[in-house]
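Chemist: Here is my input; please provide its structure:
(chains A and B)
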Amino acid sequence: MLKATSVKAALASSAPQDEILVNGWVRTRRDAKTFSFIELNDGSCLKNLQVIADAGLPNYAEIQHLTTGASVSITGSLVPSQGQGQKWELKAGELRVLGGADASYPLQKKGHTAEFLREISHLRPRSNLFGSVFRVRSRLAFAIHEFFQNRGFVYVHTPIITGSDCEGAGEMFRVTTLDLLNVPRTPEGAVDAAQDFFKRNTYLTVSGQLEAEAFACAFSKVYTFGPTFRAENSNTSRHANEFWMIEPEMAFTDLAGNMDVAEEFVKHLITDVRQHCAEDLELFSKFVDKSLLERLDFVVQRPFQRISYTEAVELLRTSGKTFEFPVEYGINLQSEHERFLTEQLFKCPVTVFNYPKEIKPFYMRLNDDDRTVTAMDVLVPGIGEIVGGSQREERLDVLLASMERHHLDPKDYGWYLDLRRYGTVPHAGFGLGFERMLMFVTGVGNIRDVIPFARTPGNAAF
RNA sequence: UGCCCGGUAGCUCAGUGGCAGAGCAGGUGACUGUUAAUCACUUGGUCGCUGGUUCGAUCCCAGCCCGGGCAGCCA
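Modeler: Next up, the predicted model:
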């Protein structure tokens, strides 16, 4: 049997070909006098392959009833197109209909909203927009590995089921095999976790950072890239309950080095997608965000703006702008504050660092001023926080004091404290939200539209 | 979770206290190397659900369900 040629390969052909096999789905069909035009797409690229099905084909009556969505297998010759708009077309010698699609097929040639397509998540990858989104998603994932592998980072798989319920990054989903209709109790009436599968409480991970630190203290440079789960009841365009996160962790690295890597990383991802997904990005810049390409190029060309939290607060206070939430030292920056900095004041990505210790987690390294910790957030226009990270506290006594301030029990963090007891080193890392990065490079405004089958509060269909 | 907006044909949307509408998609035919083809005709409805007001409700009112936007939580 003839080996199949993808639509992408057929369109890129440098010469006519006598006999090729192409499989795919019908995007649309038009009748000419003695033949039928079929637009064939197989997901290999945005473009369709134009197929000429001659009236002389034995099953021409069947072909004339092909509608959008049907699957076909075609053998024929690749010949120069007689019409405008495409270089090659496939002259069908045999056209087999694999699966029809009747009038109830929900996808049409045009006119669908993202909201409607979300309700048919199983079919929307067959649309132009979502085809492009998920091709870029695939490439972006590859570019992430490439960036770190080229720089000597070791890829580490941190656990998805975790026993730590105090990582502090958000509400957690419980993992249990207990019978919910007959939960075992302790004499005090609490749920008896000792009878659960792992003989303790377990949850889905909200971050692989703590485990990544352990590996960084062995391999020097590591990164994680995997799913993350947060049980927050968030209803916004940039939050999902299941998302992917990249978390590099680097030994012998301080806050400045951390910010350098984060900036280089973000730029590399944009450059890579710009290079390898040009056609898909064209679609986004045409139909999703007209200023997309300009913005991406701008971000790659310019250094990110770096300001301390203290400077950020001053800039906001003296900006002359009235905010719904007044700015003062010690508050968490609100969305409106971040947007102002990155969209109006600097008009580029902004890295804010050295936050007050009171509003940041226990593991961040205390600065010499005793007021701030080495936190850093990278904010980008349109999305807000895309990276959050810090230099980690490597001094055992300072870490213990921090845990006491945060009302954490050192007994729950024995192995984490061991990393400071045995050969401790300065180290730093950050988390980058994969989907938020994907939103940034595609211009797509809702996180639900860059995840194949999104999980959000009240929605786990598919 | 709070505030705001919406739900009418497969899709995108008009509309009115008194017979339910258009474009696209589907069907039939015409025309045609077309490419969001074009032209004519045509099929297609629990007007989100429940209750209330009314002679009469898709329209007005209440509750509920679903979707979206913004905010918080954060990546």
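Chemist: for A:D368, what are its contacts?
Modeler: A:D368 sits next to no residue when contact means Cβ atoms under 8 Å, 6 or more residues apart in numbering. Every residue, glycine included, has its C-beta placed from N, CA and C.
Chemist: That one: helix or strand, and which one exactly?
Modeler: Secondary structure assigned from DSSP states H and E places A:D368 in neither a helix nor a strand.
Chemist: neighbours around the closest residue to A:N446 other than its chain neighbours, how many?
Modeler: Counting by Cβ to Cβ, 6 or more residues apart in numbering, the nearest residue to A:N446 once its immediate chain neighbours are dropped is A:S237, at 4.4 Å. As a burial measure, the neighbour count of A:S237 was computed by other Cβ atoms under 10 Å and equals 13.
Chemist: and what of A:K87?
Modeler: In terms of burial, A:K87 registers 10 neighbours under the definition other Cβ under 10 Å.
Chemist: three-state assignment of the closest residue to RNA strand B within the stretch 51-200 of chain A?
Modeler: At 2.2 Å from RNA strand B, A:G83 is the closest residue in the stretch 51-200 of chain A, using Cβ to the nearest atom of the strand. Under the three-state scheme (DSSP: H, G, I helix; E, B strand; the rest coil), the conformation of A:G83 reads as coil.
Chemist: Could you give the number of residues near it?
Modeler: For A:G83, the number of neighbouring residues by other Cβ under 10 Å comes to 9.
Chemist: And for A:A278?
Modeler: The burial count assigned to A:A278 is 10, neighbours taken as other Cβ under 10 Å.
Chemist: Over to A:I20?
Modeler: 19.
Chemist: List the buried residues of the top strand by length along chain A.
Modeler: Ranked by residue count and defined by DSSP state E, the top strand of chain A is strand A:17-31. Across strand A:17-31, burial judged by 16 or more other Cβ atoms under 10 Å covers A:I20, A:V22, A:N23, A:G24, A:W25, A:V26, A:R27, A:T28, A:R29.
Chemist: Could you do stretch A:47-56 as well?
Modeler: Of the residues in stretch A:47-56, those with enough neighbours to count as buried (16+ other Cβ under 10 Å) are A:K47, A:N48, A:L49, A:Q50, A:V51, A:I52, A:A53, A:D54.
Chemist: One more: stretch A:64-77?
Modeler: Within stretch A:64-77, the residues that qualify as buried are A:L66, A:T68, A:G69, A:A70, A:S71, A:V72, A:I74, A:T75, A:G76, counting by 16+ other Cβ under 10 Å.
Chemist: how far is it from where the chain is centred?
Modeler: 34 Å (Cα atoms, centre = their mean, to the nearest Å).
Chemist: Stretch A:175-186 too?
Modeler: Here stretch A:175-186 is found 35 Å from its chain centre; the criterion is Cα atoms, centre = their mean.
Chemist: A:I246 is in contact with A:Q209, correct?
Modeler: No: with contact defined as Cβ atoms under 8 Å, A:Q209 does not reach A:I246; the gap is 11.4 Å.
Chemist: Between those two, which contacts overlap?
Modeler: With contacts defined as Cβ under 8 Å, 6+ apart, the residues shared by A:Q209 and A:I246 are A:G431.
Chemist: so the next helix-or-strand element following the longest strand of chain A versus strand A:17-31, what angle?
Modeler: Scanning forward in sequence from strand A:17-31 by DSSP H and E, the next helix or strand is strand A:35-41. With axes from the mean of the first three to the mean of the last three Cα atoms, to 10 degrees applied, the angle from strand A:35-41 to strand A:17-31 works out at 100 degrees.
Chemist: which other helices and strands contact strand A:35-41?
Modeler: The criterion is 3 or more Cβ pairs under 8 Å, 6 or more residues apart in numbering; DSSP states H and E, and the helices and strands that strand A:35-41 contacts are strand A:17-31, strand A:49-54, helix A:60-63, strand A:71-80.
Chemist: pull the CA atoms of it into CSV?
Modeler: Coordinates of the C-alpha atoms in strand A:35-41 are reproduced here as CSV (Å, rounded to 0.1, in the frame of the first residue of the first chain):
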residue,chain,number,x,y,z
PHE,A,35,-15.8,18.0,-11.5
SER,A,36,-15.9,19.0,-7.8
PHE,A,37,-13.4,21.0,-5.8
ILE,A,38,-12.6,19.6,-2.3
GLU,A,39,-10.7,21.4,0.3
LEU,A,40,-8.8,18.8,2.3
ASN,A,41,-7.2,19.3,5.7
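Chemist: Show the contacting residues for A:G24.
Modeler: By Cβ under 8 Å, 6+ apart, A:G24 lies in contact with A:V7, A:L40, A:N41, A:D42, A:G43, A:L49, A:S71, A:V72.
Chemist: Give me the below-cutoff pLDDT ranges for the stretch 301-450 of chain A.
Modeler: Along the stretch 301-450 of chain A, no part satisfies pLDDT under 70.
Chemist: interface residues of it facing RNA strand B?
Modeler: Counting by Cβ under 7 Å from any atom of the strand, the positions of the stretch 301-450 of chain A adjacent to RNA strand B are A:325, A:332, A:334-336, A:339, A:377, A:384-388, A:431-433, A:435-436, A:445-448.
Chemist: Which ChimeraX command selects the buried ones in these?
Modeler: With 16+ other Cβ under 10 Å as the burial test, the buried ones among those are selected in ChimeraX as follows:
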select /A:334,339,377,384,385,386,387,388,431,432,433,435,436,445,446,447,448
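Chemist: Output the helices and strands packed on strand A:35-41 as TSV; include the columns mean pLDDT and distance to RNA strand B.
Modeler: Supplementary listing: those in TSV, determined by pLDDT from 0 to 100; distance: least, Cβ to the nearest atom of the strand, whole Å:
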stretch	mean pLDDT	distance to RNA strand B
strand A:17-31	94	4
strand A:49-54	94	5
helix A:60-63	90	9
strand A:71-80	95	8
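Chemist: re the thing from before, so how far is the longest strand of chain A from its chain's centroid?
Modeler: Strand A:17-31 has its C-alpha centroid displaced from the chain centroid by 33 Å (Cα atoms, centre = their mean).
Chemist: same question, stretch A:248-258
Modeler: Taking the mean of its C-alpha atoms, stretch A:248-258 sits 23 Å from the chain's own mean (Cα atoms, centre = their mean).
Chemist: Stretch A:455-462 now?
Modeler: Between the centre of stretch A:455-462 and the centre of its host chain there is 17 Å, according to Cα atoms, centre = their mean.
Chemist: check whether it contacts RNA strand B.
Modeler: Yes: in terms of Cβ under 7 Å from any atom of the strand, part of stretch A:455-462 sits within range of RNA strand B, namely A:P457, A:G458, A:N459.
Chemist: What is the nearest of the residues you listed to A:A193?
Modeler: Distance ranking of these against A:A193, using Cβ to Cβ, places A:P457 first at 25.9 Å.
Chemist: what's the closest non-adjacent residue to that closest one?
Modeler: Using Cβ to Cβ, 6+ apart and skipping the chain neighbours, the partner closest in space to A:P457 is A:N233 (5.1 Å).
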